[in-house]
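**Student:** I need the structure of the sequence given here:
(one chain, ligands or ions: 2)
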Amino acid sequence: MTYIGRFAPSPTGLLHFGSLLAALAGYLDARAHQGQWLLRIEDLDPPREFPGARIQIPQTLEAFGLHWDGDILFQSNRLSHYQAALHQLHQQQQAYRCDCSRKQIQQRTGTTCYDGHCRQQSPAATAASAWRACTNQISTQFEDAIQGPQQCQLGDGGDFVIKRKDGLFAYQLAVVVDDACQQISHIVRGCDLLEETHRQLHLQQLLGFSRPHYSHIPVASNAAGQKLSKQNLAQPLDNSRPVPQLIEALRFLGQQPPTTLCDASLDELLSWATTHWQPSQIASQHAITWEP
Ligand code: GLU
Ligand code: ZN
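**Tutor:** Ligands and ions are numbered 1, 2, ... in the order given. A predicted model of the protein is given here:
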C-alpha cells in the first residue's frame, strides 16, 4: 500500500496545541507506515488570513521536527482546478446557482437548512450568486479508524455551498479536489471535521475520486466544553521548547512516552514516538478536556 498523508492548516491563525495534535498524529501515522506526509496551506479566504501565518506555520512545524515531504501546496494557486470541478458538477446537473440570503432561507424554512429553492429556478448567470451541490436523499457511511462506523442522511442538512456568493470556493470543494490531486490515501484530522466528511464523500463520489481512509482524533476542549481554537484565543505553540509540548500531545493521544524522554532531543523523541505509535490507544471520543 502506498501511504500518502497530509496536514492542511488554514492560515487564519498560528498553530496551537489543537493544531499540534492533528499535525503530530498525521505525521506519526504516515512515518509509522513508511508513508509520505504532505503540507497544504488552505488559504482560500484572504480576508480571514492572519498576517504572517503562511510563513510561520511551516517554521513552527520545522521547529517541532515535523518535516513534510515535497513542496508546500497553496490552495490560492489552485483556483482553476476548483473551477473545473465545479464545471463538471454543473455539467452533471449536480450543482446549481443560488442567490438566497441566509435571512430568506430562515424565513422560508424556520431553520438554516437549505430547502433546494433555486434548484428549479436558478438565478441568472449575471447576478452574484453562490453555487450549491445537490445532496438528494442519499445516506453516506464510512468507517472511521478511531471513531468507528459513521452514518449520515446527507439530504437532511440541505444542498450545501461549494462556491460562495463573494466568489471564494468553499472548503468542501477545495479539500476534495486537492486530496484527490495529491493522491492522499489517509486523512488524519480533528473530530471537528467528522460531520463534514460526509459531504466530502458525496463530492468524491460525484467527481469520480477514490475515497481515502479517515481517522478523526478527539479535539482538545476547555473546561467549558469549547474546542481549543483560534476563536477561543488558544495560545500559539512555543517554537523554543518543542519537546514538552510534543510529550503533552503524545499523552493526549493516548501514547505513553517514558518520563526519561523529557530530557531527550527532538529527534530521539520523534523517533521513539514513530516506533511506538499506537493509534488504537487514541480515545474514541469527539473531545477531551485539556487544561494547560
Ligand atoms: N483547513 C482545515 C482546518 O484548518 C482542515 C482541513 C482538513 O484537514 O481537511 O480546519
Ligand atoms: Zn437559493
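
**Student:** ok, Arg40 - contacts?
**Tutor:** Arg40 makes contact with Arg6, Phe7, Ala8, Ile72, Leu73, Phe74, Gln75, Asp178, Gln182, according to CB atoms under 8 Å, 6 or more residues apart in numbering. Glycine gets a C-beta too; all of them are placed from N, C-alpha and C.

**Student:** now list the buried members of those.
**Tutor:** Buried residues within the contacts of Arg40, counting neighbours by 16 or more other CB atoms under 10 Å: Arg6, Phe7, Ala8, Leu73, Gln75, Asp178, Gln182.

**Student:** hang on, isn't the third one packed against Leu44?
**Tutor:** The reference is to Ala8. No - the criterion here is CB atoms under 8 Å, and Ala8 misses it with Leu44 at 10.9 Å.

**Student:** what does the stretch 51-200 of the chain have sitting close to ligand 2?
**Tutor:** Cys98, Cys100, His117, Cys118 (CB under 5 Å from the ion).

**Student:** just the CA trace of the strand or helix carrying His90, in PDB.
**Tutor:** Element membership for His90, per DSSP states H and E: helix 79-91. Extracted as PDB, the C-alpha positions of helix 79-91 are listed here (Å, rounded to 0.1, in the frame of the first residue of the first chain):
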ATOM      1  CA  LEU A  79      -8.500  28.000  -8.300                       C
ATOM      2  CA  SER A  80      -8.600  26.800 -11.800                       C
ATOM      3  CA  HIS A  81      -8.800  23.200 -10.600                       C
ATOM      4  CA  TYR A  82     -11.700  24.000  -8.300                       C
ATOM      5  CA  GLN A  83     -13.400  25.800 -11.100                       C
ATOM      6  CA  ALA A  84     -13.000  22.700 -13.300                       C
ATOM      7  CA  ALA A  85     -14.600  20.500 -10.600                       C
ATOM      8  CA  LEU A  86     -17.500  23.000 -10.300                       C
ATOM      9  CA  HIS A  87     -18.000  22.900 -14.000                       C
ATOM     10  CA  GLN A  88     -18.000  19.200 -14.000                       C
ATOM     11  CA  LEU A  89     -20.700  19.100 -11.300                       C
ATOM     12  CA  HIS A  90     -22.700  21.600 -13.200                       C
ATOM     13  CA  GLN A  91     -22.500  19.500 -16.300                       C
END
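
**Student:** now it: how far from the chain's centre is it?
**Tutor:** Relative to its parent chain, helix 79-91 has a centroid offset of 20 Å by CA atoms, centre = their mean, to the nearest Å.

**Student:** check stretch 210-222 too.
**Tutor:** Mean-position distance between stretch 210-222 and its chain equals 8 Å (CA atoms, centre = their mean).

**Student:** mind checking the pLDDT average for that stretch?
**Tutor:** Stretch 210-222 carries an average pLDDT of 95.

**Student:** end-to-end on that stretch?
**Tutor:** 36 Å (CA to CA, to the nearest Å).

**Student:** and stretch 126-137, by the same measure?
**Tutor:** Distance across stretch 126-137, first residue to last, is 30 Å (CA to CA).

**Student:** tell me the pLDDT of Tyr171.
**Tutor:** pLDDT at Tyr171 comes out at 97.

**Student:** ok, now which ones touch Phe74?
**Tutor:** Arg40, Ile41, Asp43, Arg54.

**Student:** which of the residues you listed fall in strands?
**Tutor:** Applying DSSP state E to those, the entries found in strands are Arg40, Ile41.
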